[in-house]
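Enquirer: Attaching a predicted model along with its sequence, questions to come.
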Amino acid sequence: MAKDKLIGVDLGGTTIKFAILTKDGEIQDKWAINTNILDDGQHIVPDIVSSINSRLQRLELPKDRIVGIGMGTPGTVNQTEGSVKAAYNLNWKDTQYLRQAISEGTGFEFALDNDANSAAIGEQWKGAGENNPNVVFVTLGTGVGGGIVADGKIIRGVNGAGGELGHIVVEPDGYLCTCGNRGCLEQYTSATGVVHLARDFADEFEGQSELKSLLDNGQEVTSKIVFDLAKQDDVLAVRVVDKMAFYLGYALASVANTLNPAYIVIGGGVSAAGKFLLDKVDKHFKKYVLSTVRESTELKLAVLGNDAGVIGAASLAREFA
């Protein structure tokens, strides 16, 4: 019987997403379970093994049709060892040797990568990247992550920190970042960064603005609220979004000048602002990018949503085909 199915796993701090795909990357079945991080995260791997085994049994899918499992995880990944460390939101205090445990528990070959890299591969392979071998993916969420695919290969660097786009410094001596540095892109273009900008701008703003009223009255303000008000031409909200778009366009121009990818794909929750955000970022991007790169590199919105992680993770298992 031919091996023709891939299994993708997207391990997150709240949810573990799974999918069974064809070797061409088409999702045929997907499901999710809650991530149990109690007891130093010791339930996570057994839950993954149990969920995969029970799903295959329920689908009556023979194990000899599975090429292998690929998984994306938070933390710093050692692909040679199949291990991860510094995955603090999973409550893993020590290095976890995932390949051995999951391979033994399921009977399948197992490949591992960082979750941001997995999402990048997903968008490059089956999403907005259109399977072009040169694609940069940046995700704007609670933080800012990224992944770089160059000549068809993910850029990991010497210790797995390649593609950390969120820590490009865009404002020297600016906002303090969780990494310990100041002025990182993440502090200005993430969901929390947009709100931080809004609060600072509101302190100096003296005109009429619903956003300022919300902030002055101590009401909860999210990045979505900021973007929604900007779309309604709220003066303060427009200023905040324009500043955020400047930082992102400026940083992505530097990335494009360095790598000259075919596409830079923008995903994550903040990207839900859609074309409104993309157009503003593109204006600054075009201002700072080289003319030759301007003609060849296109900014695009991600299209796979939550499926990017499992698709990209599954693609890791293609090496076993």
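Expert: Yep, it's here.
Enquirer: Strands of the stretch 1-150 of the chain, residue ranges please.
Expert: Using DSSP state E, counting those that start in this stretch, the strands of the stretch 1-150 of the chain run over residues 5-11, 15-22, 27-34, 66-73, 76-78, 83-85, 96-97, 110-114, 135-140, 144-150.
Enquirer: Switch those over to CSV; also include mean pLDDT and mean neighbour count.
Expert: From N, CA and C alone the C-beta is placed, and that goes for glycine too. CSV is the format used below for these (pLDDT from 0 to 100; neighbours: other CB atoms under 10 Å):
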stretch, mean pLDDT, mean neighbour count
strand 5-11, 97, 27
strand 15-22, 97, 20
strand 27-34, 97, 14
strand 66-73, 96, 26
strand 76-78, 88, 19
strand 83-85, 93, 20
strand 96-97, 96, 18
strand 110-114, 94, 24
strand 135-140, 96, 29
strand 144-150, 94, 26
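Enquirer: For those strands, give me CSV that also has distance to residue 251.
Expert: Supplementary listing: the strands of the stretch 1-150 of the chain in CSV, determined by distance: least, CB to CB, whole Å:
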stretch, distance to residue 251
strand 5-11, 26
strand 15-22, 29
strand 27-34, 32
strand 66-73, 23
strand 76-78, 23
strand 83-85, 27
strand 96-97, 32
strand 110-114, 20
strand 135-140, 9
strand 144-150, 9
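Enquirer: and residue 314, which of those is closest to it?
Expert: Of all these, it is strand 5-11 that lies closest to residue 314, at 3.1 Å by CB to CB.
Enquirer: Just give the closest residue to residue 124, not the sequence neighbours.
Expert: Spatial nearest neighbour of residue 124, chain neighbours left out: residue 135 (4.1 Å); criterion: CB to CB, 6 or more residues apart in numbering.
Enquirer: and the gap between that neighbour and residue 311?
Expert: Here the criterion is CB to CB, to the nearest Å. By it, residue 135 lies 14 Å from residue 311.
Enquirer: do the same with residue 99
Expert: If you go by CB to CB, the gap between residue 99 and residue 311 works out to 20 Å.
Enquirer: now residue 210
Expert: The gap separating residue 210 from residue 311 is 39 Å, by CB to CB.
Enquirer: Sweet, I'm off.
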